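>>> let me see the structure of the following:
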Amino acid sequence: MNRHKVLVPLDGSSFSRQILPYIQEFLPPAENELILLRVGERPAGHVGRPARLTATESPVAIPESPQDVVAAAHPIYASQEMESAQAEFQREVQAERQALEAAGYRVTCQVRFGEPGPEIVKYIELHDVDLVAMTTHGRTGLGRLLFGSVAEYVTRHISIPMMVLRPSPAGGSRSTG
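Model (predicted):
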């Protein structure tokens, strides 16, 4: 029997994790596999600014700041930041992942980089996801106008079912285990 692929976008907040008990209540582990997805800012890396020439007649170039000297000597590449973000997400969701696996779910964790809404939609399209289960921060009025809603963006750009929860500010009373 094929399991349904359920995408669960998590943004690192306790709000986003409040969907997990509802998944356990309504989606049987024998029929569903879970994909926990984090979308983070695209890493740029940190390398020192190039040294600049001190004068046109002098071939000596000096860094602009002590931070540039350190960054040039020990650059942090975007690929290193991506690997670090992936490892951090694995650590962050370890307890939830273990609880879900103990309940019988197959769970995988994925990290993508970019704007959350478009990246979630792209993941859905590329991986034949059957259902999206996510929370919304419940912004209304000016807050939604200024910050937008990832859940709303996803809803407008996909054609598969969604389970959307507007979580309680107190964190809810359901447990994941």
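>>> can you pull the domain assignment for the chain?
Following automatic domain parsing, the chain resolves into domains at 4-41+81-165, 43-76.
>>> tell me the secondary structure of the residue nearest to the spatial centre of the chain, please.
Centroid-nearest residue in the chain, with C-alpha atoms, centre = their mean: residue 38, separated by 1.8 Å. Here residue 38 is recorded as strand under DSSP: H, G, I helix; E, B strand; the rest coil.
>>> per-residue pLDDT of residue 77, please?
The model reports residue 77 with a pLDDT of 70.
>>> tell me the spacing between it and residue 157.
From residue 77 over to residue 157 the distance is 32 Å, taken as C-beta to C-beta, to the nearest Å. Placement of C-beta: from N, CA and C, glycine included.
>>> what does residue 135 give?
As judged by C-beta to C-beta, residue 135 and residue 157 stand 18 Å apart.
>>> so the two - more neighbours on which side?
Taking other C-beta atoms under 10 Å, residue 135 and residue 157 do not tie; residue 135 has more neighbours (26 against 14).
>>> pull the number of nearby residues for the closest residue to residue 22 other than its chain neighbours.
Spatial nearest neighbour of residue 22, excluding adjacent residues (C-beta to C-beta, 6 or more residues apart in numbering): residue 165 at 5.9 Å. By the criterion of other C-beta under 10 Å, residue 165 has 20 neighbours.
>>> so, low pLDDT: which residues of the protein?
Low-confidence segments of the chain, defined by pLDDT under 70: 44-76, 138-148, 169-177.
>>> at 50 instead, please
144, 146-147, 173, 176 (pLDDT under 50).
>>> mind listing the strands for it?
Taking DSSP state E as the criterion, the chain contains strands spanning 4-9, 32-40, 52-55, 58-62, 106-113, 131-135, 162-165.
>>> okay if I get the ones you listed as TSV plus distance to residue 121?
Below are these laid out as TSV (distance: least, C-beta to C-beta, whole Å):
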stretch	distance to residue 121
strand 4-9	10
strand 32-40	11
strand 52-55	43
strand 58-62	46
strand 106-113	11
strand 131-135	10
strand 162-165	12
